[in-house]
Structure formats: structure tokens, C-alpha cells
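Novice: Have a look; sequence and predicted model below, questions after that.
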Amino acid sequence: MSLPTATADVVIIGGGVIGLTIARALALRGISDVLLVERARLGKEASSAAAGMLAPQAEADEADDFFNLCCQSRDLYPTFAAALREETGIDCELDRTGTLYLAFTDHDQGEIEHRYDWQVRAGLTVQKLTPADARTLEPCISESVRGALKFPDDIQVENRRLLSALIQANEKLGVRVMTASTVESVRIDCGRVQGVETARGFISTEQVVVSGGAWSSFIKILNAASPNPRIEPVKGQMVCFDSTDVAPNLARHVIYSPRGYLVPRRDGRILSGSTTEQAGFDKEVTGAGVHSILSNALEISPRIADLPLIGVWAGLRPRAHDSLPVLGPCEQIPGLVFATGHYRNGILLAPITGELIADAIVDNVVSAALNAFSSDRFTSVGVNP
Ligand code: GLY
């Protein structure tokens, strides 16, 4: 198959939630010729495997740059979801019931006390619950619970509906898409980006966004002194139950323990995760993986034992060496922009990533919020003399 056209204003490499959100943001800001190139199918990797928790407070131990970025992105979600609904008619099921975080051991108790103290000092909204309070809010919670926090601002989105909405929004905005197309390299000449070499031929462009998730490091940056920042896959297995017939409305909140989580969906499904495994690009679901997810789910709620298990899957989270995202223009190579390595937070960070990358490309404004995440923090990707 030949290329749709061999030029584009911006080429986005990778059609997961990050690439799709950036493509939409660029098109909304008037870039007329955005081309998104995806190696397989849109949104079918980590973005689909995720559970859609938008819960920076539940997971954070300090208010650093990463936490602030996550909170900013979470707080964009109501507007983001409403705009997507307006553009496509698709409801992303943004659910604002809130998140509970449970303690079952002395160590867990210490963790939630610390989290409560620093977040109160930082002026964030967090509530301490007794075991009885927690079980009143969610009667499915185990009687073994020792204490809990409630994070009313930590919410969730149905990530697969979000992906459908983004795909449709991009279609309507005229973003061109090439699926089943691998980008082999980004060509740099005269010190700047000239285009991308794909399995279907060369595409000339002055702007390239690398948003290939766990596959980002396969893209060669030609004539650069060192390769792309290294992004490695980290496997996460997931399990899905159906509560519809056995225990409708079993849970309303997203419920975490330090070891696992339950995410109730509007249609009665309950997602539970996850594992954190270095297994290369293997996405098999294993007995050991499911066993560990089930025991953590049962610790949160023994009632899970009664539910039909209706699905299992695994995804590959993209992680940089320091587990932080790689975001923004590469200083030494004009035209090369990174938006990858979102690790456990791709869905959460999509809206802010879209906005900040569009600021950099369209308005040439690189937000200070990106400083901590620049690709330049790794070995330089400088141009060979
Ligand atoms: N964001 C949750 C996970 O990666 O398991």
C-alpha cells in the first residue's frame, strides 16, 4: 500500500492515548496536516489495558513536579471529557465518586498516616476514615480493614470509551492515520528533523512527536550522537469480574490497598490489578499473575470470590530509567519532540501532555512544568558533527 501523501506538518509516532490526545490538540489549534503513524492498531496496547484510575493523591508520597503534573492533568479531565462528548457524542464515563485507600497491616497504617499528614499540610482534600466509616461507604470492604483514606478528587474514566472518543474526534478533525505501519527512524539532517522513514516509505516533515509507548526505543534517531532515551516495557496483568447478576452495585468507589485495586465500572464490571513484571514484550496472562491479583482483590473485598471472572489481559507500561515521563522538545534537535515513558500514568497524564506538547509545537512555548521531564536529562541525543 502506498503512503497517503509523503509530507505532513507534524508526524506523531504512536497511536495510543498520548499520540491520539496530542493529534487532537494540534488539530484543534489549527495544524491542518497532522499524520499519526501507528505500528499496529489505534489504542490497543497499554491504553486499552489500563484501568482508568485518575488518582494521583492515592498513590503519592510527596508533592514533587511529577505529582503536580498528575494533579493538573486529573483536574483537566472534566473539561476534556465534556469536550470529547460534545465532539463525538461518546460519554467517557468520567466517574467522580472518589477513591478509597485501605490499610490492612501496621505498615499500611503507617503509609496512610504519612499520606494523610503531608496532604493535609499541602492543602489537598483528603479524609481519614475509621474502619466502620469505610465499611459504611462500601459495605463490600473486608472486616479486616484497619483504617482508610478517602480522596474525593481522585476519580476514574472508562479508558476504552475515552480511546473511542479520541479516535472519532481525530477523524472528525481530519487527522490522517496510518495503522499497521512501523516507523523505523527519524531522519536528522543539517541539525534538524527532515522526516521519518516508515515501512511504507519516507514522509517529509519538520516536526516529529515520539509517542510510541513501550516501543519508542525501537525508533532510531539517525545522525544523532546517541539513541532515543531508553523506554522499557513493564508488564501489568489485569482481571475483570462481572458483578451484574451476583452483587449489583458491589462497589461505587475505586478502592486501593497498597497491593492492588478494584475499579467498578458503570456497566457492572469490576477491574482488578495489577502485576509489575519485567518480561520483555511478553503479554501472556499467567497463573501466578492472576493468583496475586486475586489474593489482593480478596483482601480488599472477600465478596469478589462470588463474582464470575469474565476476562483477563495484560499490557506493557512504558517506563524510562527513572520512571518519569519523557516530555517536550529535544533541545539539541529542532523538530524532535518526546511524549513517552508515561509508565503507570498514561491515561491520567494524557490531557496535560496534549496541551503542553501543543504549546511547544504550535506556540513555541515550553512550559516550566516540562523541565523535570526533558529528554535532555538522559545522555544527550545531540547531532553528530
Ligand atoms: N495505573 C495503574 C497500574 O499501572 O497498575
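Specialist: Great, that's in hand.
Novice: what helix or strand is the most centrally placed residue in the chain on?
Specialist: Nearest to the geometric centre of the chain sits residue 346, at 1.2 Å (CA atoms, centre = their mean). According to DSSP states H and E, residue 346 maps onto helix 346-362.
Novice: quick one: the helices in the stretch 101-250 of the chain?
Specialist: 106-121, 131-137, 159-173 (DSSP state H, counting those that start in this stretch).
Novice: among those helices, which is the most enclosed?
Specialist: helix 159-173 (a mean of 21; mean count of other CB atoms under 10 Å). For glycine as for every other residue, the C-beta is placed from the backbone atoms N, C-alpha and C.
Novice: on contacts alone, who are the packing partners of that one?
Specialist: helix 17-28, helix 46-49, helix 65-88, helix 346-362 (3 or more CB pairs under 8 Å, 6 or more residues apart in numbering; DSSP states H and E).
Novice: I'd like to know which residues of the protein are adjacent to the ligand.
Specialist: 51, 53, 236, 273-274, 317, 344 (CB under 6 Å from any ligand atom).
Novice: Just give me the closest of those residues to residue 147.
Specialist: residue 53 (20.6 Å; CB to CB).
Novice: circling back: could the residues of the chain next to the ligand be laid out in TSV, adding neighbour count?
Specialist: Listed next are these as TSV, based on neighbours: other CB atoms under 10 Å:
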residue	neighbour count
51	23
53	25
236	23
273	25
274	24
317	26
344	19
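Novice: which of those sit farthest apart?
Specialist: Farthest-apart pair in these is 53 and 317; separation 13.2 Å (CB to CB).
Novice: that older thread, and among the helices and strands packed on helix 159-173, the most buried is which?
Specialist: The most buried one of the helices and strands packed on helix 159-173 (mean count of other CB under 10 Å) is helix 17-28, showing a mean of 27.
Novice: That one: what's the following helix or strand?
Specialist: strand 34-37.
Novice: What lies in contact with that next one?
Specialist: Contacts with strand 34-37, where a contact means CB atoms under 8 Å, 6 or more residues apart in numbering, come from 4, 8-15, 19-20, 23, 26-27, 42, 170, 175-178, 181, 183, 196, 198, 203, 205.
Novice: go again using 6 Å as the cut-off
Specialist: 8, 10-13, 15, 19, 23, 26-27, 175-178, 181, 183 (CB atoms under 6 Å, 6 or more residues apart in numbering).
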